[in-house]
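my questions concern the predicted model and sequence given below.
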Amino acid sequence: MNAKCKTVKKTLLLISLLGIGALGAACGRSASTGVEADLSPVADSGFVQENPPPAVDNPAENPADSGEEPGETPAPEGPGAGDEPATPRTCYRFAFVSDRAPAENVFLSDSCNPGVVVPLTDNTQARTHFGNLSFNSDGGALAFDRATVSIPLGEPVPFLARLGATPVAIETLDSGDLGAFDAGVFAPQRLAFEPGGSRVAFVGVSTHGVGLGADFRVIEVEELRVYDAATGEGRALINTLDDRRKIGRIAWQDAGHLIFSMRLGEGPQQLYRYDLEGHDFQALEQGTPSYRSFPIEGGAPAVKPGGAQLAFVRKVDGKNQIFACSFVRRGYPALHPNACSRVRPLTSEGANSDPAWTPDGEFLFFTSDRDGNENIYRMKKDGTEQTALTAAFSDEKRVAVHPQSFTAP
C-alpha cells in the first residue's frame, strides 16, 4: 500500500458511477460490497421498484370521460393518424439519503421515474449516517461523507468506491489523494467539484496541539482547500489555527470563485465568496447602491449553472427555508463584486433544505418535511410548482442532482 492510500480518520466516499476517475486512481485496495447498479434511464437497468407513483387517470383511456360510447373505437382520420409520438420529457437523475430499511443508505433515482430507485451503498448499521452528496463535473463520480456514531462518539472512516455494472469496489481515500504534503495530514470532507473542470474544493479537518504546560490542549481545525486532479497540485485557501471557524458546504460560482458558508464561534452562519486569483475572501452582501448592504446569513449554498443565481438555506422562525439571490448586476453597475441582490424566499411551508440545481438551471431539487416525513421535492427556479418526487414513510434527504439530464417518452 503506498503512502497516498494511507487511511485517515474522517469519512468521505467517492462513488465512480461511469468509470474510473482521476481521484484515487493510485489506490490499490478494493472490496466488493455486493451492490450492483447501472445509470441507464430505462426500466430494465437493474433499478429496484419501491413506492411506485399512483396511476394517473387518462380521460382518453376512459370512455366515460372521453365522451365516447362504451365499445366504440373512433376511426383514425388522415394518414398516420393515431401515430403521433409523445413529446419527450427532460429527466434529471438525483442521489439522496434514505433511512428505509434496514438502515440509512445512499440511493439513485430520476425525476421521470421517482418511484424506481437503486441503492448505491449496502449499509446495515443503524448508527451509520451519510451526508454532503456531490456529483463530479461529468457525473461519473459521487462524493459523500459517512460517519458511524457510537458511545463514545466514533471516528468516521474515509472510503473511495467505484460503481459500474459489476459490484461496487470500495477503497479508502485519504488526504494524500487530494494534494496534502503528507498522507494523513487532514481528513477530507464536503467535496465540491468544479463544473466542467478538474478541480475539487473541500474542507480538510486536522488536529493540532496548542499551548504549553497546563494550558496545552488539542484543537480541531477546518481548512478550506482545493485540489487539481489534472496537475496533482493542492493548496490550502483558509488554514489558520482557529478552532472557532467552522466551514460548511462549498459551491463553485465559476472557475475563479467559490461560495461557501462559515461560522465563527457562536456567531451566525454567513455566506462568503473566495477569489482564487486574489487569494482572498469576503462576506457576501445583500443590497443595492441605494441602500446599506448587510452580510447574507445562511448556509448550504447552491450556484445555478452559469453562476448568475444563488440558492441557500436560512432559518425563519426556527425552521430552515430556501432563499435565492442574484449575482447579475443588470441595472446596478455600482454593486460590489461580492453583492448578491434581490434576496427572496422560495419556500415557506414546513422545513426545507438541501437546494440543488438541475443542469439546465430550470429547477431546484430540495428536501422538505411539509407532509410529515422528509421527502425530495422539485420546484421551478422562481419557487413555483413545488412538487414531491418521493413519498416514502422513511426520511428521504440530502439530495444531489446529476450534472447531465436525459430525455424519455
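Sure thing, it's come through.

where in the stretch 301-409 of the chain is pLDDT low?
Applying pLDDT under 70 to the stretch 301-409 of the chain flags the ranges 329-337.

where exactly do the helices run in the stretch 101-250 of the chain?
Under the criterion DSSP state H, counting those that start in this stretch, the stretch 101-250 of the chain contains no helices.

and the strands in it?
All strands of the stretch 101-250 of the chain, identified by DSSP state E, counting those that start in this stretch, fall at 105-110, 116-119, 128-135, 141-148, 160-162, 169-171, 187-193, 199-210, 217-228, 233-238, 245-254.

so which of those gets nearest residue 326?
When the strands of the stretch 101-250 of the chain are compared by CB to CB, strand 245-254 sits nearest residue 326, at 12.2 Å. Every C-beta, even on glycine, is put in place using the N, C-alpha and C of the backbone.

which SSE is immediately downstream of the closest one?
Later in the chain than strand 245-254, the nearest helix or strand by DSSP states H and E is strand 257-264.

would you mark the buried spots in stretch 88-98?
91, 92, 93, 94, 95, 96, 97, 98 (16 or more other CB atoms under 10 Å).

typed the wrong thing, it's stretch 220-235
221, 222, 223, 224, 225, 226, 227, 228, 229, 234.

which non-adjacent residue is nearest residue 192?
Spatially, and ignoring its direct neighbours in sequence, residue 192 is nearest to residue 250 (4.0 Å; CB to CB, 6 or more residues apart in numbering).

so the one you found sits right up against residue 259, yeah?
Yes. With contacts counted by CB atoms under 8 Å, residue 250 reaches residue 259, the gap being 7.4 Å.

now the common contact residues for those two.
Residues touching both residue 250 and residue 259 (CB atoms under 8 Å, 6 or more residues apart in numbering) are residue 301.

quick check: pLDDT value at residue 235.
pLDDT for residue 235: 89.

an error on my part: the question was meant for residue 34.
46.

and if you look at residue 45?
According to the prediction, residue 45 has pLDDT 33.

also the one 3 residues further on?
The model reports residue 48 with a pLDDT of 38.

ditto for residue 172
pLDDT, read off for residue 172, is 57.

next: residue 206.
The predicted local confidence for residue 206 is 83.

which one of the strands of the stretch 101-250 of the chain lies closest to residue 295?
Between the strands of the stretch 101-250 of the chain, strand 245-254 lies closest to residue 295; by CB to CB that is 14.8 Å.

now do that closest one: everything it contacts.
Applying CB under 8 Å, 6+ apart, the external contacts of strand 245-254 come out as 132, 190, 192-195, 197, 201-203, 221-224, 238, 258-264, 269, 273, 299-303, 307, 310, 327.

which positions in that strand come out as buried?
Buried-residue list, strand 245-254, by 16+ other CB under 10 Å: 245, 247, 248, 249, 250, 251, 252, 253, 254.

ok, the nearest residue to residue 362 once chain neighbours are set aside to residue 355 distance?
Take residue 362 and drop its neighbours on the chain: the residue closest to it by CB to CB, 6+ apart is residue 381, 6.0 Å away. Taking CB to CB, to the nearest Å as the measure, residue 381 falls 11 Å from residue 355.

who has more neighbours, these two?
residue 355 (26 against 17; other CB atoms under 10 Å).

three-state assignment of that one?
Assigned with DSSP: H, G, I helix; E, B strand; the rest coil, residue 355 falls in the strand class.

figure out the helix or strand that the closest residue to it other than its chain neighbours lives in.
Residue nearest to residue 355 in three dimensions, not counting chain neighbours: residue 311, with 4.0 Å by CB to CB, 6+ apart. Residue 311 is located in strand 309-316, with elements delineated by DSSP H and E.

what lines up beside that strand in the sheet?
Sheet pairing of strand 309-316 (DSSP bridges) gives strand 299-303 (antiparallel), strand 319-326 (antiparallel).

just name the most buried of those.
Stretch with highest mean neighbour count among the strands paired with strand 309-316: strand 299-303 (a mean of 23; mean count of other CB atoms under 10 Å).

need the residues touching each of residue 381 and residue 355.
In contact with both residue 381 and residue 355: residue 364, using CB under 8 Å, 6+ apart.

rewinding a little: make a markdown table out of the strands of the stretch 101-250 of the chain and add distance to residue 279.
Output for these, formatted as a markdown table (distance: least, CB to CB, whole Å):
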| stretch | distance to residue 279 |
| --- | --- |
| strand 105-110 | 35 |
| strand 116-119 | 42 |
| strand 128-135 | 24 |
| strand 141-148 | 25 |
| strand 160-162 | 29 |
| strand 169-171 | 33 |
| strand 187-193 | 18 |
| strand 199-210 | 14 |
| strand 217-228 | 11 |
| strand 233-238 | 7 |
| strand 245-254 | 16 |
